[in-house]
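Peer 1: For reference, the sequence and a predicted model appear below.
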Amino acid sequence: MLEIRHLRTLNALRSAGSLVRAAQLLNLTQSALSHQIKLLEERYGSPLFERKSVPIGFTATGARLLQLADLLLPEIEQAERDVTRLSQGDQGQLRVALECHTCFDWLMPVMDAFRQRWPDVEIDLVSGFHSEPAELLRNGGADLVIGSDYSAEFATFPLFRFEILVVMAQKHRLLAQRRLVATDFAGETLITYPVPESRIDLIREVLRPAGIAFERRTAELTVAILQLVASRRGMAALPNWAIKNYVDYDYVSARPVGEQGLWSDLFVSVPEALKQKAFVLDFVNVIREQCAASLDGIKLLS
């Protein structure tokens, strides 16, 4: 029998673009997801998608089931939200603070989608740079923080893992190297956001442990950092999604750090009083869904 979970599986597969990312999005193991799809294909006697196509190409059977998913899932999800509002009175505000400033690039579409799903919840960004965003949760200045740091005193929801790449001007002396190591940064100027060094992964995880001396310059906007890099004022370390378009258009170049790369995890943190709020849980889900569909090179966390 066709079930709602089957439609959600196909929808996740289309959004995520691969079995691996779809399984992460659904919080399933890849083997469990594959088994579910196999049973569905056996039921209909037809494959649902082409295994070797990139992006995934759905067969006529899969496409027809996706049409049904597009028709039913929005109605089901809207009904679930309506019932929640009627039973719990889930109205209020969601003030979002960011530790990761490049999150602005993908957060705006997420907020737009959330507003459509929860029109009675007032969502807004807490403006400015925050060296200790968790403090905003403690003093009531924010309801939710998106960042790589979290504390046991708050409820935490995992989002995804992303790679931090070093950005350099075209024809930089280090472009001949496939990957960079700590000693490559000796004497270089590192251009960063105006945040404490303890919140900059490259400095905290690579340069300081190796005792590397470097210069530092700050800028508040990502585009300003990239302009400084392009004009040979220094190097920067930024998330892969933040620089993709600039690298694709040869405005700057990028290299990974170390043999395994330099990776960082992103989380949502909220006060304990908000962790069961349906609109908070759905906000986390919207982030995961949209980022899985739109950001290359991330790994959803479970």
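Peer 2: Sure, I can see it. Numbers count the residues shown, from 1 in each chain.
Peer 1: which residues touch S198?
Peer 2: Counting by Cβ atoms under 8 Å, 6 or more residues apart in numbering, S198 touches R204. For glycine as for every other residue, the C-beta is placed from the backbone atoms N, C-alpha and C.
Peer 1: need the contact list for N139.
Peer 2: Residues near N139 by Cβ under 8 Å, 6+ apart: none.
Peer 1: and this protein, what are its domains?
Peer 2: 4-86, 91-160+264-300, 163-263 (automatic domain parsing).
Peer 1: Could you point out the helix or strand that follows the longest helix along the chain?
Peer 2: For the chain, the longest helix by residue count, based on DSSP state H, is helix 60-88. Sequence order places strand 92-98 as the next helix or strand after helix 60-88, per DSSP states H and E.
Peer 1: can you pull the buried residues of that following strand?
Peer 2: Residues 94-98 are the ones in strand 92-98 that count as buried (16 or more other Cβ atoms under 10 Å).
Peer 1: so for it, what's the average pLDDT?
Peer 2: Mean per-residue pLDDT for strand 92-98: 88.
Peer 1: Could I get the CA-only coordinates of the very next helix or strand once past it as CSV?
Peer 2: Once strand 92-98 ends, the next helix or strand along the chain (criterion: DSSP H and E) is helix 104-117. C-alpha atoms of helix 104-117 as CSV (Å, rounded to 0.1, in the frame of the first residue of the first chain):
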residue,chain,number,x,y,z
PHE,A,104,22.9,35.2,5.1
ASP,A,105,23.4,33.7,1.6
TRP,A,106,21.0,30.9,2.2
LEU,A,107,19.0,32.1,5.2
MET,A,108,16.8,34.6,3.4
PRO,A,109,15.0,32.0,1.2
VAL,A,110,14.6,29.8,4.3
MET,A,111,12.9,32.7,6.2
ASP,A,112,10.7,33.4,3.2
ALA,A,113,9.6,29.8,3.1
PHE,A,114,9.0,29.7,6.8
ARG,A,115,6.8,32.8,6.7
GLN,A,116,4.6,31.1,4.2
ARG,A,117,4.2,28.1,6.4
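Peer 1: Tell me which other helices or strands helix 104-117 touches.
Peer 2: helix 60-88, strand 92-98, strand 121-125, helix 240-248, helix 278-294 (3 or more Cβ pairs under 8 Å, 6 or more residues apart in numbering; DSSP states H and E).
Peer 1: Name all residues that make contact with the nearest residue to V284 once chain neighbours are set aside.
Peer 2: Computed as Cβ to Cβ, 6 or more residues apart in numbering, the closest residue to V284 that is not its neighbour in sequence is F157, at 4.6 Å. Each residue near F157 by Cβ under 8 Å, 6+ apart is listed here: 267-270, 281, 284.
Peer 1: L48 now?
Peer 2: Residues near L48 by Cβ under 8 Å, 6+ apart: 10, 37, 40-41, 58-59, 61-62, 65.
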